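Engineer: For reference, the sequence and a predicted model appear below.
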Amino acid sequence: MNRHIAVLGGGLTGLSSIYHLSRRFPGASITLLEQKPSLGGWVSSERVQVRDANGNSAEILLESGPRTLRPNAESILELTHLLGLKDSIITTPTTSSAAKNRYLQIPETHGLLTLPNSVLSVLSPPMRTLLLPHVLKEPLRRANRPKGITDESLDSFMTRRFGASFARLFGSALVHGIYAADSRKLSVRAAFPSLWTAEERGWGSMVRGLLMPGKSSKPQLGDYELGDIQDMMKGVSVFSFRDGMSTIINALEERVKQNPAVRIVCGATVESLNVNDENCLEIRTSTSEVLHPDYVVSALPLQTLDAIIPSSPASLPHLTANPTSSVTVVNLVFPRVPGQPPLHPAGFGYLIPRPFAGYSPSDPGILGTVFDSCSLSAQDRPAGAAAHFTKMTMMLGGPYSLTPSHTSINTVLKHLASHLSDPDAESPRQLPDPVFHRTHHHKSCIPTPTPGHVDRMAELSAALNAGPWKGRLEVIGAGVRGVSLGDCVESGKRSGERWSM
Ligand SMILES: Cc1cc2nc3c(=O)[nH]c(=O)nc-3n(C[C@H](O)[C@H](O)[C@H](O)COP(=O)(O)OP(=O)(O)OC[C@H]3O[C@@H](n4cnc5c(N)ncnc54)[C@H](O)[C@@H]3O)c2cc1C
């Protein structure tokens, strides 16, 4: 008998789930339900036409969501290989300045601080005082993990090991860059498991643990079809695609549509998911469709899943335990003014740590800026467009409460000019007017796994295997395992692993 699987949510997680499910169960019919008119979730690449005052023009590729991938994410490498996207890849070599140079912008100061990228650079000021003593002292600090704790915030973990100023400067900036969240709320065990286990391995010292050879906290699954793509990733820091991150979404959509057993329904909001009186799974959509699949994969945000599941006996624990961050993304394209120095130093971009006094409504609310032209200029047309145009992306929001005045283009540009100024200059530098700018407000786009998340997800998994669901519903996506695209594809690949059909 043909089995029917429904996949809810057409972001990268849901799409990679139907792709892998249709390979695993070639006889099954699979329906994907997505509320928006198109697939991809937060992934969104757009090409815009720009022109400067000297008549130079270009087509610039802008991302309003994710922009780069890490080459250690085997699940993404596998998908790239299986979808035949190898020739579309663009890479940032580890030797390039885009990979080596990253910066910090200290709130209430002008200019950028260079983060060290070699032993020698740790020895030069100001890192010699901001970073080095804390790292050298850490292995000498006594083991201080409180007895019996199974998780804590990244800030609390780093404060214990390195001191509060180090935790605020480096830990909070890192968390702004990945989760757009407050490091005092983020679970270290869920978000940085390798740091948590390094402390255990190093008899209480994270640094010692990281230096000791030991088992990686990442499960070695080893069942990826990679072809020769890993060779291509040698010496690569990050990668993307010539036509942006939507390349992978478009290729997935095209590939799964070739399978007549797969049906993709866009514009259909899932309004309820239940186990009915006949013990069958039942889905109702805004298009008045009623489905009775044998199995369901939910790749929806956890809060949405909670809202569509009726209360007891089918209700599931912990779906609303974590908050989410909202992020404002400002894409900017500037003209390169002949004879003027570049707008920014070569590098990946900069992050801004939590202000000393905490988050306040009077702060600019900026989390960081990516220097896209340095790592992603190969996306722009014609080749060499970076000689005439500079693209950057600023991220705002997360733990800050933004008002329209925070995100007005004039305010954002004023702060950017200050960040890109010489720290010793008396007044901030003048930036040329951008030839293009676009602002996207992404509401609740990144979940923050708070301390206890790993244990809560284990309880959720147990509840899905028992009770009315009896293993017929799997819950995956950014809210469950990890927010990176690699984590999302990995969870899609693993969906349905325990089902027998
Ligand atoms: C600004 C930004 C920058 C990022 N940068 C990076 C990066 O550089 N690298 C990286 O690895 N990661 C990055 N991330 C993280 C990554 O993009 C996300 O974690 C990932 O895209 C989440 O995918 P998902 O499919 O799990 O969720 P989503 O993309 O949220 O997909 C969920 C889907 O469900 C649909 N849906 C919701 N409710 C319903 C309903 N009731 N019925 C039907 N459908 C519904 C939604 O419309 C959506 O399409 C970034 C995220 C953001 C927001």
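Structural biologist: On my side now, so go ahead. All values reported here derive from a predicted model rather than from experimental measurement.
Engineer: Around the ligand, pick out the residues from the stretch 401-501 of the chain.
Structural biologist: Residues of the stretch 401-501 of the chain found near the ligand (Cβ under 6 Å from any ligand atom) are 442, 445-446, 477-478, 483-485, 488. For the C-beta atoms, the positions are set from N, CA and C on the backbone; glycine is no exception.
Engineer: what about the nearest residue to Gly163 once chain neighbours are set aside, neighbour count?
Structural biologist: Closest residue to Gly163 apart from its sequence neighbours, by Cβ to Cβ, 6 or more residues apart in numbering: His134 at 5.6 Å. Neighbours of His134 under the rule other Cβ atoms under 10 Å: 20.
Engineer: I'd guess His134 is in a strand, am I close?
Structural biologist: No. Going by DSSP: H, G, I helix; E, B strand; the rest coil, the assignment for His134 is helix, not a strand.
Engineer: can you tell me which residues contact Ser45?
Structural biologist: Contact partners of Ser45, counting by Cβ atoms under 8 Å, 6 or more residues apart in numbering, are 61-63, 243-247.
Engineer: That one and Arg67, how far apart?
Structural biologist: For Ser45, the distance to Arg67 (Cβ to Cβ, to the nearest Å) stands at 9 Å.
Engineer: Can you work out which residues contact both of the two?
Structural biologist: Counting by Cβ under 8 Å, 6+ apart, the shared contacts of Ser45 and Arg67 are 244-245.
Engineer: ok, back up a step: residue contacts, the residue nearest to Gly163?
Structural biologist: 162-163, 166 are the contacts of His134 under Cβ under 8 Å, 6+ apart.
Engineer: Next step: those restricted to helices.
Structural biologist: Those of these mapping onto helices are 162, 166, per DSSP state H.
Engineer: Select only the buried ones of the contacts of His134 in PyMOL?
Structural biologist: Buried residues within the contacts of His134, by 16 or more other Cβ atoms under 10 Å, are selected in PyMOL with:
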select buried, resi 162+166
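Engineer: Please tabulate the contacts of His134 in CSV, including the columns pLDDT and distance to the ligand.
Structural biologist: Converted to CSV, those look like this (pLDDT from 0 to 100; distance: Cβ to the nearest ligand atom, whole Å):
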residue, pLDDT, distance to the ligand
Phe162, 97, 26
Gly163, 97, 30
Phe166, 95, 25
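Engineer: Please tabulate the contacts of His134 in a markdown table, including the columns distance to Ser373.
Structural biologist: Output for the contacts of His134, formatted as a markdown table (distance: Cβ to Cβ, whole Å):
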| residue | distance to Ser373 |
| --- | --- |
| Phe162 | 34 |
| Gly163 | 36 |
| Phe166 | 31 |
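Engineer: Show me which of the contacts of His134 is closest to Ala383.
Structural biologist: Comparing these against Ala383 with Cβ to Cβ places Phe166 closest, at 42.5 Å.
Engineer: from what I can see the closest one touches Arg160, true?
Structural biologist: No. Judged on Cβ atoms under 8 Å, Phe166 makes no contact with Arg160 at a distance of 10.9 Å.
Engineer: Assign a three-state SS to Asp455, would you?
Structural biologist: helix.
Engineer: doesn't Ala190 make contact with it?
Structural biologist: No. Here Asp455 does not reach Ala190: they are 9.7 Å apart, not a contact under Cβ under 8 Å.
Engineer: Neighbour count: the two, which is higher?
Structural biologist: Legend: neighbour count by other Cβ under 10 Å for Asp455 and Ala190, higher for Ala190 (24 against 15).
Engineer: Validate this expectation: the more buried one resides in a helix.
Structural biologist: Yes. Assigned with three-state DSSP, Ala190 falls within a helix.
Engineer: In contact with it, which residues are there?
Structural biologist: The contact partners of Ala190, by Cβ under 8 Å, 6+ apart, come to 151, 449, 453-454, 482.
Engineer: Tell me who's in contact with Pro317.
Structural biologist: Residues in contact with Pro317 (Cβ under 8 Å, 6+ apart) are 456, 459-460, 463.
Engineer: Walk me through the domains of the chain.
Structural biologist: 4-42+245-322+449-494, 45-72+92-99+323-447 (automatic domain parsing).
Engineer: quick one, which of those domains is nearest to Asn144?
Structural biologist: Closest among the domains of the chain, once you apply Cβ to Cβ, is domain 4-42+245-322+449-494, at 16.9 Å.
Engineer: what's the span of the closest one, first residue to last?
Structural biologist: Domain 4-42+245-322+449-494 stretches 18 Å from its first residue to its last (Cα to Cα, to the nearest Å).
Engineer: Look at Pro146 and say how many residues are nearby.
Structural biologist: Pro146 has 8 nearby residues by other Cβ under 10 Å.
Engineer: Could you verify my assumption that Ser240 touches Ala98?
Structural biologist: No. Using Cβ under 8 Å, Ser240 is not in contact with Ala98; the gap is 11.6 Å.
Engineer: joint contacts of these two?
Structural biologist: Residues touching both Ser240 and Ala98 by Cβ under 8 Å, 6+ apart: Ser375.
Engineer: Just want to know which of these two has more residues nearby.
Structural biologist: For Ser240 versus Ala98, the count of surrounding residues by other Cβ under 10 Å is larger for Ser240: 26 against 23.
Engineer: Against the ligand, how distant is that one?
Structural biologist: From Ser240 over to the ligand the distance is 9 Å, taken as Cβ to the nearest ligand atom, to the nearest Å.
Engineer: what do you get for Thr114?
Structural biologist: In this view, Thr114 and the ligand are 22 Å apart by Cβ to the nearest ligand atom.
Engineer: wait, what's in contact with His344?
Structural biologist: His344 sits next to 371, 390, 392, 420 when contact means Cβ under 8 Å, 6+ apart.
Engineer: one more time with 7 Å, if that's ok
Structural biologist: By Cβ atoms under 7 Å, 6 or more residues apart in numbering, the residues touching His344 are 371, 420.
Engineer: before we move on, what about Glu271?
Structural biologist: Contacts of Glu271 by Cβ under 7 Å, 6+ apart are 284-286, 308.
Engineer: tell me the SS of it?
Structural biologist: For Glu271, the assignment made with three-state DSSP gives strand.
Engineer: Next, give phi and psi for Ser153.
Structural biologist: phi -80, psi 160 (degrees, to the nearest 10).
Engineer: Which residue, other than its chain neighbours, is closest to it?
Structural biologist: Arg184 (5.2 Å).
Engineer: what number of residues lie near that neighbour?
Structural biologist: In terms of burial, Arg184 registers 18 neighbours under the definition other Cβ under 10 Å.
Engineer: Please look at it and Asp155 and confirm they touch.
Structural biologist: Yes. Counting by Cβ atoms under 7 Å, Arg184 does reach Asp155; the two are 4.3 Å apart.
Engineer: what does this protein put close to the ligand?
Structural biologist: 8-14, 33-36, 41-43, 65-69, 269-270, 299-301, 304, 327, 329, 442, 445-446, 477-478, 483-485, 488.
Engineer: Could you list which of those residues belong to helices?
Structural biologist: The helices, defined by DSSP H, take in 12-14, 304, 485, 488 from the residues of the chain next to the ligand.
Engineer: in this protein, what secondary structure element scores lowest on mean pLDDT?
Structural biologist: Sorting the helices and strands of the chain by mean pLDDT, DSSP states H and E puts helix 119-122 at the bottom, at a mean of 81.
Engineer: just how off-centre is that helix within its chain?
Structural biologist: Remark: helix 119-122 is offset 29 Å from the chain centroid, using Cα atoms, centre = their mean, to the nearest Å.
Engineer: And Thr91, its phi and psi?
Structural biologist: Main-chain dihedrals, Thr91, degrees, to the nearest 10: phi -120, psi 150.
Engineer: which residues pair with it across the strands?
Structural biologist: Following DSSP bridges, Thr91 is listed with bridge partners Phe239.
Engineer: Tell me, how many residues neighbour it?
Structural biologist: 19.
Engineer: could you pull out the strands for the stretch 401-501 of the chain?
Structural biologist: Assigned by DSSP state E, counting those that start in this stretch, the stretch 401-501 of the chain shows strands spanning 436-447, 473-475.
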